[in-house]
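> Based on what follows, work out the 3D shape:
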Amino acid sequence: MSDLYISKNELLGKKVELSDISIRDGLQSLETIIDTGTKVKYLEGLILAGFKRLEVTNYGHPKFVPFFPDATEVIKRLLNSTTKTPDGKTIGEMMKRNGGDVELTAVSIHERGAERAFKDFDEGHGPDRILQMTSTCPEHQKANSGKTHDQYFAMTEQVIKAAHSRGMLINGTVSTIWGSPFEKFNKEYTMAEKLDIAIAFVKRYLDCGADDIELADHDGSVTDYHKAFEFFSRVLDPKLMGTGPDGRDYSDPKLYIAHFHTKNMASALRNAAAALKAGIIRFESCLSGIGGQPANMVDGVAIEGREGDYYSDHFNHGLISTEDIVTMFHELGVDTGIDQEKLLALGRDFRAEVLDTFAAKQKKLDRQFMPCRSFMLLNGHLPESVTELYSA
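You can find the predicted model right below:
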């Protein structure tokens, strides 16, 4: 039995916080633009299933990331939604901006994206939290942001100050922790050195004032879940992480969110189980296990400036499935706050309405498509290589 075996009742009653990011990370990979009404429909469905944190859009330049022309409108519709919850509240009343507890996040990797988010916030309909991202791999960093590490941290420090002055939160994502699509980085550093570099980046982001940190395996580089356990155990080690200049305990699990992309869903689920055992309590996921690198095509037409995508098979690098991670945590006795029955029903609808429609479009264009990757939706159960980690 694995040395990471989770014994029965070990995590019984443990509370975790799940964020669904299907409408941003998921839809950006589909090579088509999904209409605003469909986006809002599934965001509302996720809220009704119990999700309190959602990543809803991207303020990136529409020329390069054309999948979110409705960034402002999506947030406006949620803030003003009259859709009723079972207890009689409206979805709009549940929004943090309106005094509720549902937090909306938008990606704004560059300065101009942050400026658009700030403008919407100042006008009363912006996100509660924005996400910036750096990669430990210099080549990946340059490809994503056009900046060096030092340039990016200088920029993001100013964005953090501007966000905090408004009462907005900032997430700082650290990517390429276990490996990069650029082989130069992988060959230059051992796995131990990569993890050391990632720890340094986490501390640097927190020193800049980031409110929390997404810890991302963006392409399934961590295939050995023991390496996931090792890294997350280090991030939660008080002696290693220390205390920040603002007095924060940098080993506080509330500061960290685990984010696993993968070709192999079973591998991603094992990584999530390892992170949970290490003490991580926040996780991100996508319906059907879709998501990843923004597509460089829209309905068969190349996006100008995005030629030469550095992923050769981005349809195989989706995020961990929301349906699967919720099921796994419930089998472990973990409290997710999510209604699993409602979630699975929503997941089936999403697969039929969004993924199957996209697949039909792609087939007409003789192009590949991203299929449903959820074990629960495809098979009705989790893979044995996952359940053997905790089934007696």
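
> who's in contact with stretch 175-189?
133-140, 143-144, 191, 194-195, 197-198, 215-219, 221-222, 227-228, 231, 310-311 (C-beta atoms under 8 Å, 6 or more residues apart in numbering). In this view, the C-beta of every residue, glycine as well, is placed from N, C-alpha and C.

> so where is the stretch 201-350 of the chain shaky, pLDDT-wise?
306-312 (pLDDT under 70).

> Name the residues of stretch 367-385 that are buried.
F369, M370, P371, C372, R373, S374, F375, M376, L377, L378, L382, P383 (16 or more other C-beta atoms under 10 Å).

> if we can go back for a sec, of the contacts of stretch 175-189, which belong to strands?
Under the assignment DSSP state E, those contribute M133, T134, S135, L215, A216, D217 to strands.

> Am I right that the last one is in contact with H261?
The reference is to D217. Yes: counting by C-beta atoms under 8 Å, D217 does reach H261; the two are 6.0 Å apart.

> distance between the ends of stretch 359-378?
16 Å (C-alpha to C-alpha, to the nearest Å).

> just stretch 87-94 next, same as before
Using C-alpha to C-alpha, the two ends of stretch 87-94 sit 11 Å apart.

> Quick one: mean pLDDT for it?
Averaged across stretch 87-94, the pLDDT comes to 96.

> List of residues touching that stretch?
44, 47-48, 78-85, 98-102.

> Check stretch 26-36 too.
With C-beta under 8 Å, 6+ apart, stretch 26-36 has contacts from 39, 58, 65-70, 73-74, 77, 286-288, 290-295, 297-300, 314-315, 318-319, 354, 358, 361-362, 367, 369-370.

> change it to 7 Å
58, 65-67, 70, 73-74, 286-287, 290-295, 297-299, 314, 354, 358, 361-362, 370 (C-beta atoms under 7 Å, 6 or more residues apart in numbering).

> Which positions within that stretch qualify as buried?
For stretch 26-36, by 16+ other C-beta under 10 Å, it's G26, L27, Q28, S29, L30, E31, T32, I34, T36.

> Go through those residues and name the one nearest H149.
The shortest approach to H149 among these belongs to Q28, at 23.9 Å (C-beta to C-beta).

> ok so, going back, please tabulate the buried residues of stretch 367-385 in a markdown table and include pLDDT, distance to E10 and secondary structure as additional columns.
Output for the buried residues of stretch 367-385, formatted as a markdown table (pLDDT from 0 to 100; distance: C-beta to C-beta, whole Å; DSSP: H, G, I helix; E, B strand; the rest coil):
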| residue | pLDDT | distance to E10 | secondary structure |
| --- | --- | --- | --- |
| F369 | 92 | 40 | coil |
| M370 | 92 | 35 | coil |
| P371 | 93 | 34 | coil |
| C372 | 96 | 31 | coil |
| R373 | 96 | 28 | coil |
| S374 | 98 | 25 | coil |
| F375 | 97 | 23 | helix |
| M376 | 98 | 23 | helix |
| L377 | 98 | 28 | helix |
| L378 | 98 | 28 | helix |
| L382 | 98 | 18 | coil |
| P383 | 97 | 20 | coil |
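
> For the contacts of stretch 87-94, which entry has the maximal number of neighbours?
L78 (25 neighbours; other C-beta atoms under 10 Å).

> Confirm it sits in a strand?
No: per DSSP: H, G, I helix; E, B strand; the rest coil, L78 lies outside any strand segment and is helix.

> that older thread, using JSON lines, lay out the buried residues of stretch 26-36 together with distance to I338.
Below are the buried residues of stretch 26-36 laid out as JSON lines (distance: C-beta to C-beta, whole Å):
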{"residue": "G26", "distance to I338": "17"}
{"residue": "L27", "distance to I338": "21"}
{"residue": "Q28", "distance to I338": "23"}
{"residue": "S29", "distance to I338": "23"}
{"residue": "L30", "distance to I338": "24"}
{"residue": "E31", "distance to I338": "29"}
{"residue": "T32", "distance to I338": "28"}
{"residue": "I34", "distance to I338": "23"}
{"residue": "T36", "distance to I338": "25"}
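
> in the stretch 201-350 of the chain, which spans are helices?
Taking DSSP state H, counting those that start in this stretch as the test, the helices found in the stretch 201-350 of the chain are 225-235, 238-241, 265-278, 322-331, 340-350.

> Dump the ones you listed into JSON lines; add distance to K89 and mean neighbour count as well.
Listed next are the helices of the stretch 201-350 of the chain as JSON lines, based on distance: least, C-beta to C-beta, whole Å; neighbours: other C-beta atoms under 10 Å:
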{"stretch": "helix 225-235", "distance to K89": "36", "mean neighbour count": "21"}
{"stretch": "helix 238-241", "distance to K89": "39", "mean neighbour count": "12"}
{"stretch": "helix 265-278", "distance to K89": "31", "mean neighbour count": "25"}
{"stretch": "helix 322-331", "distance to K89": "23", "mean neighbour count": "25"}
{"stretch": "helix 340-350", "distance to K89": "16", "mean neighbour count": "19"}
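
> export these to JSON lines and tack on distance to Y5?
Below are those laid out as JSON lines (distance: least, C-beta to C-beta, whole Å):
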{"stretch": "helix 225-235", "distance to Y5": "12"}
{"stretch": "helix 238-241", "distance to Y5": "25"}
{"stretch": "helix 265-278", "distance to Y5": "9"}
{"stretch": "helix 322-331", "distance to Y5": "14"}
{"stretch": "helix 340-350", "distance to Y5": "24"}
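
> between these, which one is nearest to R248?
The nearest among the helices of the stretch 201-350 of the chain, by C-beta to C-beta, is helix 238-241 at 9.8 Å.

> Work out the gap between the closest one and the centre of the chain.
25 Å (C-alpha atoms, centre = their mean, to the nearest Å).

> Tell me how far the closest residue to G113 other than its chain neighbours lies from N80.
Distances taken as C-beta to C-beta, 6 or more residues apart in numbering put Y59 closest to G113, at 3.7 Å, once the chain neighbours are dropped. Remark: distance between Y59 and N80 (C-beta to C-beta, to the nearest Å) = 20 Å.
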